[in-house]
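In: sequence plus the predicted model coming up.
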Amino acid sequence: MIRLTEKGLLIESATTRIEFEGIRIVSIQDAVTGEEFLDRGLAPEVPGMELLHQTGKISPLGVHPLASQVHYTLLTDQIAEIVLNDWECDVSVRVRVDEETGDILLEPSAWTMQSGIAGVGLNVPGVREDLYVVAPFQQGTRLPLAHPQIQGTRAVWPNSWEAGFLVFEGQGSGFSVQTWDDHFIFKGAGIGHEKGAQTATFQTLAYGPLEQNRCVGNVCWRVSAFRGDWTVPVGRYRDWYWKAYRLDEAALMRPDWLDDIRLAVSWCPTNLDLLDALAARANPQQVFIHLPRWRSFKYDQDYPTYEPSAEGRAFIEKARAMGYHIAPHANACQMNPDHPLFFQARDFCTRDPSDMRWGGWSWLPVKGWGSFGPPQSYSLMPSHKEWNVLVNVHLAWSPWRRQLTRQAADLRRDLGLDSFFVDVSQLIHNSDNAILENLTYAEGSLKLIRELAEIAPGFCVSGEGRNEISTQFLSMVQFHLYNYAHVHAIDGEDVNWVVECTTPVNELLFKGLTRGIGYNYGRGENRRAMIDATLKQGAIPTLIFQSKDPVAELDGEEARYILERALG
């Protein structure tokens, strides 16, 4: 039921009640119990909506004393429209009650005479201070909105906002905001606002290029109250996700041995003695190995050429003969600008739609300048191989996918592989050339992982990170920890907060599709906290060696701790 009020609009379903004043949400309640989830006094200055510009400017909407005119139209008792004629733009919010689910659906769109429009944001201001936000950020977290590790977060789907929902959980009740979008539209979530910390923002983002873009919309936000804990709304999202993408079929493509894995090794050195030492402690058929330095080139150089060195071949062949599952390291989307393929690929690489910078990576051995995108200089980009300069290729460009799958198929036959690792598989992003060959980058990423998985029945494609797109056809992934804690751990900063901040949200979403292994434990005292947080996420116990003598490390305290949890 939808009806007009003196100040706005009241929408009520069987589960949820939402009230608008002007264009601003002022109340979200449980329709049955009457419990209120918003506190009007917490964020009174936060605007109801915002217009996002290519330059980074954010224009508040609905706040102009004269030129913020709101109109309401009731189409039926279940459908309405809120129209805002604002100084900056025009806005329409389609409102609908979904009788089947009890969700209240809000679908904002914006259009303007200005160019360079990047998105439109819907704010939920005044979230009660006792509510925790449960979010699929870096495998999952559950924190108060004002917690310093989440306040100010801006996450973009699906790279850092790994599935399209946030849950606001209290004591046995709460509400969630979800988008059941299977059209690969980029979107964002934010926690906190400059005018009110207890604010959540949901952004609909426009595909690049943005210079001439004047409109944005077509993402529908589902708001619903729930009773129970956070697993109730996340379980609903999982049910939609599995059905929308037919994931029961995708799950059948997983290798039969995936659930038997009890121990993993990330960043494994090509030490032949290590294979024997590991076999003395664990059944090789229950061990998964990620192998980074197996090619006849330095790590992160000369991509996409994948040829085994003599040392790499000897290690892989021995490992496979012993029964280990071993995944040689490749890169899903990045290439070196001095590679011969770059001449063909350069017009199909990605640029940030906000500032047109080339996307990619580089590694400089200077404190404070370690990992950055590639240099934007014509002279420097191709000339410093030692910086491991990489540029991002748009994954909808089919020649890139063909190049990678062709080489992976050759390696499988040559080395008897049952697994293959593609780095940076989580990096799915908007770009200035958002659509190539009729596909978005997200769709291209999904096709790449599937095409690799189709090389052979039960072929294990593994990668970095886990989100709702790449995960569909990945079988094993390295887990990032919340707020990319490895970055701080590598620098020796205290990361003891990471265990508290970790909640296995994505394990509920993706269980049955993808299993996880450790990514990076950092240095020194940080390592135990990083190991515990990785295990808390549901990862397979993972060895990550620190020295040039991994065999000796197996007798150390850290390895014993991991082996005990792996093998009992």
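Out: Good, I have the coordinates.
In: beyond the lowest-mean-pLDDT helix or strand in the chain, next helix or strand please.
Out: Averaged element by element with mean pLDDT, DSSP states H and E, the chain has its least confident helix or strand at strand 371-372 (a mean of 70). Of the helices and strands lying after strand 371-372 in sequence (DSSP states H and E), the nearest is strand 390-392.
In: just checking, what packs against the helix or strand following that following strand?
Out: Downstream of strand 390-392, the first helix or strand assigned by DSSP H and E is helix 398-415. Helices and strands touching helix 398-415, by 3 or more Cβ pairs under 8 Å, 6 or more residues apart in numbering; DSSP states H and E, are helix 310-322, strand 325-331, helix 342-345, strand 419-423, helix 441-453. (Glycine included, C-beta is placed from N, CA and C.)
In: the third one - what's its average pLDDT?
Out: Summarised as a single mean, pLDDT over helix 342-345 is 96.
In: off-centre distance for it?
Out: Centre-to-centre, helix 342-345 and its host chain are 28 Å apart (Cα atoms, centre = their mean, to the nearest Å).
In: now the helices and strands packed on helix 398-415 in a markdown table, with distance to Phe37 and mean neighbour count?
Out: What follows is the helices and strands packed on helix 398-415, written out as a markdown table (distance: least, Cβ to Cβ, whole Å; neighbours: other Cβ atoms under 10 Å):
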| stretch | distance to Phe37 | mean neighbour count |
| --- | --- | --- |
| helix 310-322 | 53 | 17 |
| strand 325-331 | 44 | 24 |
| helix 342-345 | 49 | 14 |
| strand 419-423 | 41 | 24 |
| helix 441-453 | 31 | 23 |
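In: mind putting the ones you listed into a markdown table with distance to Lys187?
Out: Converted to a markdown table, the helices and strands packed on helix 398-415 look like this (distance: least, Cβ to Cβ, whole Å):
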| stretch | distance to Lys187 |
| --- | --- |
| helix 310-322 | 41 |
| strand 325-331 | 26 |
| helix 342-345 | 28 |
| strand 419-423 | 24 |
| helix 441-453 | 11 |
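In: out of those, which comes closest to Ser224?
Out: For Ser224, the closest of the helices and strands packed on helix 398-415 is helix 441-453, at 25.5 Å, according to Cβ to Cβ.
In: which other residues reach the closest one?
Out: The contact list for helix 441-453, computed with Cβ atoms under 8 Å, 6 or more residues apart in numbering, reads 158, 184, 186, 253, 332-333, 350, 394-397, 401, 404-405, 408, 420, 422, 425, 428-431, 434, 436-437, 439, 459, 461, 463, 469-470, 472-475.
In: now that helix and strand 325-331, what's the angle there?
Out: 140 degrees (axes from the mean of the first three to the mean of the last three Cα atoms, to 10 degrees).
In: now do helix 441-453 against helix 398-415, angle only.
Out: Using the same axes, to 10 degrees: helix 441-453 against helix 398-415 is 20 degrees.
In: break the chain into its domains for me.
Out: Annotated domains of the chain cover 2-244, 247-337+395-567 [automatic domain parsing].
In: before we move on, the earlier item: and the helices and strands packed on helix 398-415: which comes nearest Gly568?
Out: Among the helices and strands packed on helix 398-415, the nearest to Gly568 by Cβ to Cβ is strand 325-331 (20.1 Å).
In: quick one: average pLDDT of the closest one?
Out: For strand 325-331, mean pLDDT is 98.
In: for stretch 238-258, same thing?
Out: On average, stretch 238-258 scores 97.
In: what lies in contact with it?
Out: 163, 178, 180, 182, 285, 325, 418-419, 453-454, 457-460, 468, 472-473, 475-476, 508-509, 512-513, 515.
In: so Tyr561, which of the three states?
Out: What DSSP: H, G, I helix; E, B strand; the rest coil gives for Tyr561 is helix.
In: excluding chain neighbours, what is closest to it?
Out: Once flanking residues are discounted, Tyr561 sits nearest to Ile531: 7.1 Å by Cβ to Cβ, 6 or more residues apart in numbering.
In: gap between the residue nearest to Ile58 when sequence neighbours are not counted and Glu468?
Out: Spatial nearest neighbour of Ile58, excluding adjacent residues (Cβ to Cβ, 6+ apart): Glu50 at 5.2 Å. Glu50 is 25 Å from Glu468, where distance means Cβ to Cβ, to the nearest Å.
In: who has more neighbours out of those two?
Out: Between Glu50 and Glu468, counting by other Cβ atoms under 10 Å, Glu468 is the more crowded of the two (27 against 24).
In: ok, the residue nearest to that one when sequence neighbours are not counted to Ala244 distance?
Out: In this structure, Glu468 finds its nearest non-sequential neighbour in Ala163, 4.5 Å apart by Cβ to Cβ, 6+ apart. To Ala244, Ala163 is 12 Å away according to Cβ to Cβ.
In: of these two, which one has the most company?
Out: Comparing Ala163 with Ala244 by other Cβ under 10 Å, the one with more neighbours is Ala163, at 26 against 12.
In: my read: the more buried one touches Asn506, true?
Out: Yes - with contact defined as Cβ atoms under 8 Å, Ala163 and Asn506 form a contacting pair (7.3 Å).
In: which residues are common contacts for the two?
Out: Pro136.
In: then Thr534 would be within a strand, right?
Out: No - under three-state DSSP, Thr534 falls outside any strand and is assigned helix.
In: which ones are touching it?
Out: Contacts for Thr534 (Cβ under 8 Å, 6+ apart) come out as 479, 481, 516, 518-519, 521, 542.
In: one more: Glu162?
Out: 136-139, 426, 465-468, 506.
In: now do the phi/psi pair for it.
Out: With angles defined as degrees, to the nearest 10, Glu162 sits at phi -80, psi -10.
In: and Cys215, by the same measure?
Out: Dihedral angles for Cys215 - degrees, to the nearest 10 - are phi -150, psi 160.
In: just for the stretch 351-500 of the chain, where's the confidence low?
Out: Counting by pLDDT under 70, the low-confidence segments of the stretch 351-500 of the chain come to 368-371.
In: which parts of the stretch 401-550 of the chain are strands?
Out: 419-423, 435-436, 439-440, 460-464, 476-478, 515-517, 542-543 (DSSP state E, counting those that start in this stretch).
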